[in-house]
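Participant: Predicted model and sequence below, questions to follow.
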Amino acid sequence: MAISSQENSHIRLDGSRRFQRPGSVTLGPSDPQEWVEVTAKVRRKADLPEPNPDKPISRQELSAKYGADPKDLDAVEKAFTPFGLKVVSRDDAARTVNLAGPVSAMEEAFGVKLFRVKQHDDHIYRGRVGDVFIPKALDGVVTGVFGLDSRPMVKRGRRLSLDNSHSAAAPRTGCGSSRRSSPRSISFPPRTVHIRRSASSNLAATTTPTT
């Protein structure tokens with residue numbers, strides 16, 4: 001898409017900017033015929049209320065009152081199908097429209113350039129830099145576009161609960177069982193031992209045995 005044409009028909013999507021990942025190398029443009037699927041997220045019908053533990057929101061109410069307005073999903077479909085994108089699915093409750101098409105159509109529809117990128121571990125992914133642009137008709141309607149960039153994201157590891165932390169750290173024996181470590185012996189400095197023994201002797205000397 002030419003810059004002048006982009007400025008006339010599209011607007012920058014806030015929060016969509018991506019940067020070159022440190023240590024990665026751009027190998028070249030993506031294959032124009034590579035098939036891509038993206039998800040466009042739209043606004044809610046109404047803002048969510050403040051959480052109230054006494055009045056939880058059911059799934060049905062969440063979808064009916066705070067899901068997507070079907071007209072917004074229609075607007076997304078109407079805006080992107082002229083670029084050659086196909087609607088794979090749409091979901092009022094999730095507020096999403098899934099779109100699919102070749103790289104060439106995605107670049108035209110969202111005003112981006114997609115590249116083949118290799119990161120430090122030799123993994124190759126589809127990447128981009130800069131902002132995503134959406135048709136001006138969708139300004140304020142679309143809140144996010146996901147899937148243009150396929151770079152792997154960081155995943156959080158499994159967390160251990162406090163109750164299981166000691167057993168998880170204990171050394172394992174055969175058959176998957178765990179063995180508790182023996183209590184550690186505690187040593188005291190010589191002066192401390194002398195004081196303790198002296199106190200014990202004095203106590204024994206002053207104690208009168210009972211009959």
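Facilitator: Perfect, thanks for sending it. Residues are numbered from 1 along each chain as shown.

Participant: what residues does the strand or helix carrying V117 touch?
Facilitator: The secondary structure element spanning V117 is strand 115-118 (assigned by DSSP states H and E). Defining contact as CB atoms under 8 Å, 6 or more residues apart in numbering, one finds that strand 115-118 is touched by 21, 24-30, 124-128, 151. All C-beta atoms are positioned from the backbone trio N, CA, C, and that covers glycine.

Participant: Which per-residue confidence value corresponds to D163?
Facilitator: At D163, the pLDDT value in this model is 50.

Participant: Do you have the strands of the chain handy? List them.
Facilitator: Counting by DSSP state E, the chain has strands at residues 10-12, 25-29, 35-42, 86-91, 96-102, 115-118, 124-127, 133-135, 142-146.

Participant: For my notes, please list those strands in a markdown table and give distance to D69 for each entry.
Facilitator: Formatted as a markdown table, the entries for these read as follows, by distance: least, CB to CB, whole Å:
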| stretch | distance to D69 |
| --- | --- |
| strand 10-12 | 20 |
| strand 25-29 | 37 |
| strand 35-42 | 8 |
| strand 86-91 | 12 |
| strand 96-102 | 12 |
| strand 115-118 | 35 |
| strand 124-127 | 31 |
| strand 133-135 | 17 |
| strand 142-146 | 13 |
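
Participant: can I get the ones you listed in CSV with mean neighbour count and distance to A79?
Facilitator: Compiled in CSV, these are given as follows (neighbours: other CB atoms under 10 Å; distance: least, CB to CB, whole Å):
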stretch, mean neighbour count, distance to A79
strand 10-12, 18, 10
strand 25-29, 11, 25
strand 35-42, 19, 9
strand 86-91, 14, 11
strand 96-102, 20, 10
strand 115-118, 18, 25
strand 124-127, 18, 23
strand 133-135, 22, 4
strand 142-146, 18, 9
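
Participant: Would you tell me which of these gets closest to D72?
Facilitator: In terms of CB to CB, the element of the strands of the chain nearest to D72 is strand 35-42, at 4.5 Å.

Participant: helices or strands up against that closest one?
Facilitator: Based on contacts counted as 3 or more CB pairs under 8 Å, 6 or more residues apart in numbering; DSSP states H and E, the elements that strand 35-42 packs against are helix 70-80, strand 96-102, helix 103-110, strand 142-146.

Participant: strand partners of that strand, parallel vs antiparallel please.
Facilitator: Sheet pairing here is set by DSSP bridges, and for strand 35-42 it gives strand 96-102 (antiparallel), strand 142-146 (antiparallel).

Participant: Looking at those strands, which is nearest to I11?
Facilitator: In terms of CB to CB, the element of the strands paired with strand 35-42 nearest to I11 is strand 142-146, at 10.0 Å.

Participant: I'd say A100 and E37 touch.
Facilitator: Yes: the pair A100 and E37 qualifies as a contact (CB atoms under 8 Å) at a distance of 4.6 Å.
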